Structure formats: C-alpha cells, structure tokens
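>>> Please work out how this folds:
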Amino acid sequence: MFFKKSNLCLIVSFALILGVFSDYLFHQKSVGVSFFVFISLVIILILILVVKSKKRISKTQSLILILAILLSAFIFLRSSSFLSFFNFYGSIYLLFLFLVLFFNRNILNFSFTKYISLPTSFFVRSFREAGSFVKKCKLMIPESNKVGSKEFRSVIKGTIIAIPFLIIFALLLSSADQVFQSYLNKFFKFDLDFEIVLRVLKVSIISYLFLGIFYRITKGSDQSSESTLDQSSELVLDKKAEEVKGLDHRTEVTSEENESSSFIESATVLVLIEALFLLFIVIQFFYLFGGKDYVWGLNEYITYSEYAKKGFHELIYVSILSFILIYAIDVFGKRKTLKEKKIFKILGTVLILEISVIIYSAWTRMAVYVDGYGLTFSRFFVFVFLLWIFLVFLNFLYKILSEKRKEFFFLSIFCFSAIFWIGINVINPDAFIARKNVQRLIQLGSIDHYYLSRLSVDSIPETMKIFQTNVDEKIKMEVAEGLYFRCAFLFGGRYYFMGPSWEEEPISFGEKLENIRERQNENWQSLNISERKALLALEENYQEIVKYQSKYFKKQADECWEMMKDCNGKWGCEKEMCEMYEKKAKLEE
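Predicted coordinates for the structure are as follows:
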C-alpha cells in the first residue's frame, strides 16, 4: 500500500514546503514570475506523488497541465490587468480540473455545471480530507508509543488547538487595552507582531489545504480504482482485505473513545479561552468600568478618556471570532452522555457571559470616543452592531440551554434582525446623529459643521435647533453657509438649484427654497415626507439662516480682498471670487 510512514512524511513535507513557499513568494509582493514558479512547484510535487502511488495521467490531464503552466507564465509575460486576472484564476481552475480527472476520467460526460461544481467540490472536500489524513496518522501510532492516558492526550491536543486562538485573542485584547497588555507582558514578555501571526496562519491554512489535496490524489476513489485496476492489482487488494477489515474493526471499537476525546479537546479549548477572557474582564472592572480619573498600572499615567478611546474595533473582532469558535464547537463537537452535554452548557454559558462583558467594554469605549469627537454614521452603526451581536449571543445561549436545532437558531436571528432593522428606521439615524451632535454643541461648544452638512435631509429639522441656541455666532455662520451650498443636493435637486457658477449671477437662499418647493409640487408620485418636514424647518428658520449667511459671505469677502494684497493672480485669489462673495452677502441682507 502507498500509505507507509515514509510516504506519509512525504505528503506532510510537500504540504509544508508549499505553505512556506507561498509566504516567501507572495507576502507583500505583487504577483509576477512568483505565480509561475509556485504553480510549477505544485505540479512537480503532484507528479512525484502520482508516480509514487503508481497512478497514470491521461492525455487530457497532460493537456490541461500544459495550459495551466502557459496561463501562469502569461502572468509575468503580460502586464494587462484584464489578462492577468483571467490568467491567474484560469490557471488555478485548470489545476483543480486536472485533479478532478483522477476521479472522473471521462471528461466527455461532463455537463456544463460539472465543469464548475466538480473543481469547486474538490477544493472544499480537500479540507475535510486533511482531517481524515490526520486521523489515519493517529491510528498508525501503536498504543505502546503513546504517552499518558487518553484523557491526558486529549487535554494536550486541546491545548495545542487552543494556542493559535489564544495568541490571536491575546493580541487583539492587548491592542485594545493598554493595562491588559502591560500585565500580559509581565508574565509572557509578549512581543509577537500581529502580522507574523497572520503569516503563520496563512501558511498553516495553505499547508492544510495541500495536505488534503495530496492525500486525495494518492488515496484515489472507488470509481477510479474500478476503472484503472487490472486483475493483478485486484488480487493484491484481496490479500490486503484482512488488514483493511482489521483496521475498520479497530476504527469501530475506538469510535466511541474518539468521540469522548473530541469532547475533552473542545472543552479544553473553551476553558483556556475563558481563562484569558476572565483576566481581561477583571482589568475592565478595575479600570474601565470604574470610571477613575487616571489609569494606574502603566509606566506613564494616562487619563481615563485616553485609556478608553481605543480598542473598540479589536473587541468587535474578538466577539465575532468568539461566536465563530463556539458555534463551530456546538455544531461539530460530539456530546453523547448527559454529563458531557451539561458541561458544555456550563462552559458555553460562561463564555457567552464573558463575551457580553467584552461587548459592554467595546460599547463603553465607543461611548467615550463619541463624547470626545461626536457621533457619526459609522460610529452609530458600531453601537447598532454591538447591540445586534449581543442579541445574537443571547439567542445562541438559549439554543445551547434548550438544545434547539440550528434551523431554529437561524430563523430566530432572521426574525429579530428584521424587527431590529425596522427599529433603526423608526429611530431615523441621521436625525438621531444630528440631535446628539447639537446636544453636544450646547454642552461643549463644538461641532463638526462640515460633517453635519453631509447628512441627509432627515437631519435638517434637528440642525435648525442650532439657530435657537446661544452658541458662538461663528458656528451659526458656518452651518448657514453649509445650508446655502448644499441644501439643493440634500433635496435631490439639479445643479442649478444650488446656484450658478462664479461666472454667473448668484441666487438668494429664498429663491433656492422656492425652487425646491416648486419641484416638490410638480407631481404627487415624488412625495417624500422627510423632505417636506425639512423644507418647513428651513422656511421657519429662514430669517436666522439668511442673517448668518450674509455675515458669513461678508466675512469671506473681507478675507478674500485681504488675501488679494499678498498674491498676484494665484489660484484662490481671483478678483471675481471676492466680488461674488460681496454679491451673495448683499443678496441675503
């Protein structure tokens, strides 16, 4: 048989070589001759394994290999991005089509869908075959050579599986929290670069993929065996039947033990990650949730706001990755006994409660950030996403405790997501954002008027409240200027509603509102309630708006004439621009 220890080592070595070479050839480098080298190396290693497993390559497969090599060569022979795109993916497709033909030799029987589905299926199944390869390697190890009890080995394996997750989570949490990073460095002196972790992860995934590919092509399939084996090989298989039956019997006997080992491994992963999260949460309660004026435990004391204004994005990533992890353990993990199910419920509940605290930490950090810099559309939807993913976790906790099917879980997510989205529409995000920023203006005396003017028409009624407050006149002038130049765009009007270019005569703000009113009355089919409310708000505050618009344009005209003295015909110093500002100021007086 092909699967001797030396050949198994050959498969592992080839897979690792391709993983490492993929990083060496492609990391932070544009694709060129490296792609041709990589494809050529893949083909050479495949051919070596094909020869060692005594398989034959058909003429069709040989032709496909030649085409794949030619397309990969054109990557560095041509510079057209259009050609490079199709050459890149075309050569990868042909490579997988070549592999498929080991299992489905008669390409004349391929329908159109098979040309797409079979290579795609081969790619996906290769990951599963890599797992089968690992299991086969485990079965080949004699019990006498294994160290410790089965439970001990399962804990060790679970620890090894958890290490990549622990590193990723530790890096994200360290990046999110300076105090957590300082405490972690005291114990581990952890100077790992996140980029290095990502590179190792990519190498591992690529190596794992090729492990499955090499295992599949050397293992073959029932269909290919029936079509290619001659009479002598069938006799050999008959002689080996006893060994195969013995192996199958051994697999059946150990299947229950493997399921138990699988549970111990997944439980170990959860316990280790929960321990890391617990350390992070303790620090949050001492520093973030305590609301102290200064943060201690660092080489330099920093203010609470400086400490809390970062890390929310990293914590969101932690929440997403945690959900993927616990969902995978729930779906693929095996829990046969009542005790195993009870332990998983406890561990799952603890992890979800810890993630809930982490989500609250991200919420608190974003709230502090918004207090310092104001609310924007993207920051608003960070809050929305945090609330949504918290509800997803609560829903998943209910699924774990009640042992509902995954179909029920997805249905419930769909239902509450629909209700959630309706709630967002009821809140009216742009109006809410404008309201919060106006409140912040009243409290702190600052606002990003330029961002405010970029919001939709929904924000205008709330923006008008600025003219009813006692804030600095400069802010009112800037907001009024934004309304003059942008109100037509906000209402979806054509360019001439905004006003002519500098070479033409300007129109007043009142004329702009009249043009918008006429457009709204053109037909009932274009009725928009939000636009109607915004226009009414503009008309109600018309006197205040034009007063500050006039002051703004007069100020701009004075600054423009002053600037004219220091430059001679440079851009931005045109005489016509200064005169236009004066005309606009007079129009609004």
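
>>> L118 - how many residues pack around it?
The number of residues packed around L118, counting by other CB atoms under 10 Å, is 18. C-beta: built from backbone N, CA, C; applies to glycine.

>>> Now it: which helix or strand?
Using DSSP states H and E, L118 sits in helix 112-139.

>>> what's the answer for I264, then?
helix 241-283.

>>> R56 now?
Using DSSP H and E, R56 falls outside every helix and strand.

>>> can I assume R379 is in contact with D371?
No - under the criterion of CB atoms under 8 Å, R379 makes no contact with D371, lying 11.0 Å away.

>>> between these two, who's got more neighbours?
Taking neighbours as other CB under 10 Å, R379 and D371 compare with R379 leading, 18 against 15.

>>> And for the more buried one, nearest residue in space, chain neighbours not counted?
Nearest non-adjacent residue to R379, counting by CB to CB, 6 or more residues apart in numbering: V370, 5.7 Å away.

>>> next one: N7
Of all residues not flanking N7 in the chain, K52 sits nearest, at 6.6 Å (CB to CB, 6+ apart).

>>> In the stretch 451-589 of the chain, mark out all the helices, start to finish.
For the stretch 451-589 of the chain, helices defined by DSSP state H, counting those that start in this stretch occupy the ranges 460-463, 473-490, 509-520, 529-540, 542-564, 575-587.

>>> Least confident secondary structure element in this protein?
For the chain, using mean pLDDT, DSSP states H and E, the weakest element among its helices and strands is helix 222-228, scoring a mean of 39.

>>> low pLDDT regions in the stretch 51-200 of the chain?
The stretch 51-200 of the chain contains residues with pLDDT under 70 at 105, 138-148, 187-194.

>>> show me where it has helices.
Secondary structure of the stretch 51-200 of the chain by DSSP H, counting those that start in this stretch: the helices cover 59-77, 81-100, 112-139, 150-176, 178-188, 194-219.

>>> Dump the ones you listed into JSON lines; add distance to E522 as well.
Shown next, in JSON lines, are the helices of the stretch 51-200 of the chain (distance: least, CB to CB, whole Å):
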{"stretch": "helix 59-77", "distance to E522": "55"}
{"stretch": "helix 81-100", "distance to E522": "44"}
{"stretch": "helix 112-139", "distance to E522": "50"}
{"stretch": "helix 150-176", "distance to E522": "53"}
{"stretch": "helix 178-188", "distance to E522": "58"}
{"stretch": "helix 194-219", "distance to E522": "56"}
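
>>> Pull out the buried positions in stretch 321-332.
S322, F323, L325, I326, I329, D330 (16 or more other CB atoms under 10 Å).

>>> tell me, how many neighbours does L16 end up with?
16.

>>> And E531, by the same measure?
By other CB under 10 Å, the residues close to E531 number 20.

>>> where's it relative to N428, distance?
The gap separating E531 from N428 is 14 Å, by CB to CB, to the nearest Å.

>>> for E540, same thing?
19 Å.

>>> Between the two, which has more neighbouring residues?
Remark: of E540 and N428, N428 carries more neighbours, 16 against 13, as counted by other CB under 10 Å.

>>> So the more buried one sits against D458, correct?
Yes - applying CB under 8 Å, one finds N428 in contact with D458, separated by 5.5 Å.

>>> Got the domain ranges for this structure?
1-146, 148-194+255-427, 451-587 (automatic domain parsing).

>>> Determine the angle, from 0 to 180 degrees, between the helix or strand hosting Q443 and helix 529-540.
Assigned by DSSP H and E, Q443 belongs to helix 429-444. For helix 429-444 against helix 529-540, the angle by axes from the mean of the first three to the mean of the last three CA atoms, to 10 degrees is 40 degrees.

>>> by contact count, what packs against helix 429-444?
Using 3 or more CB pairs under 8 Å, 6 or more residues apart in numbering; DSSP states H and E, the elements in contact with helix 429-444 are helix 377-402, helix 460-463.

>>> what's the closest of the domains of the chain to I206?
Checking the domains of the chain against I206 by CB to CB gives domain 1-146 as the closest, at 4.5 Å.

>>> thinking L391 is in contact with I419, fair?
No - contact criterion CB under 8 Å: L391 and I419 do not qualify, at 10.0 Å.

>>> quick one: low-confidence parts of the protein?
Residue ranges of the chain with pLDDT under 70: 1-6, 105, 138-148, 187-194, 220-261, 287-310, 484-507, 556, 558-589.

>>> Who are the contact partners of the nearest residue to N541 once chain neighbours are set aside?
Nearest non-adjacent residue to N541, counting by CB to CB, 6+ apart: M464, 4.7 Å away. Contacts for M464 (CB atoms under 8 Å, 6 or more residues apart in numbering) come out as A537, L538, E540, N541.

>>> Whichever of those residues end up buried, select them in PyMOL.
Selecting only the buried entries of those in PyMOL, with 16+ other CB under 10 Å as the criterion:
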select buried, resi 537+538+541
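
>>> which two from the contacts of M464 end up farthest apart in space?
Most distant of these, by CB to CB, are L538 and E540, 7.4 Å apart.

>>> Quick check: buried residues in the helix or strand V370 falls within?
Following DSSP H and E, one finds V370 within helix 338-373. When burial is assessed from 16+ other CB under 10 Å, helix 338-373 yields the following buried residues: 340, 343-345, 347-348, 351-352, 354-356, 358-366, 368-370.

>>> So what's the residue count around N437?
24.

>>> From what I see, it and G374 are in contact.
Yes - counting by CB under 8 Å, N437 does reach G374; the two are 5.3 Å apart.

>>> Quickly list what's touching both of those two.
Residues within reach of N437 and of G374 at once, by CB under 8 Å, 6+ apart, are I447, D448.

>>> circling back: same list (the domains of the chain) but as a markdown table, adding distance to I206.
Output for the domains of the chain, formatted as a markdown table (distance: least, CB to CB, whole Å):
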| stretch | distance to I206 |
| --- | --- |
| domain 1-146 | 4 |
| domain 148-194+255-427 | 15 |
| domain 451-587 | 43 |
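
>>> Select, out of those domains, the one closest to I213.
Comparing those under CB to CB, the one sitting nearest is domain 1-146, at 4.8 Å.

>>> CA atoms of stretch 513-530 as CSV?
Extracted in CSV, the C-alpha atoms of stretch 513-530 (Å, rounded to 0.1, in the frame of the first residue of the first chain):
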residue,chain,number,x,y,z
LEU,A,513,-36.2,77.3,-1.3
GLU,A,514,-38.8,78.5,-3.8
ASN,A,515,-37.2,76.3,-6.5
ILE,A,516,-37.3,73.3,-4.1
ARG,A,517,-40.9,74.0,-3.2
GLU,A,518,-41.9,74.1,-6.9
ARG,A,519,-40.1,70.8,-7.6
GLN,A,520,-41.9,69.1,-4.7
ASN,A,521,-45.2,70.3,-6.1
GLU,A,522,-44.6,69.0,-9.6
ASN,A,523,-46.1,65.6,-9.0
TRP,A,524,-47.5,63.6,-6.1
GLN,A,525,-45.6,60.5,-7.1
SER,A,526,-42.4,62.0,-5.8
LEU,A,527,-43.8,62.9,-2.4
ASN,A,528,-41.3,62.4,0.4
ILE,A,529,-42.5,63.3,3.9
SER,A,530,-39.0,63.8,5.2
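
>>> more crowded one of L391 and I419?
Counted by other CB under 10 Å, L391 and I419 do not tie: L391 has more neighbours, with 16 against 10.

>>> Excluding chain neighbours, what is closest to that one?
Distances taken as CB to CB, 6+ apart place F416 nearest to L391, at 6.1 Å, with adjacent residues excluded.
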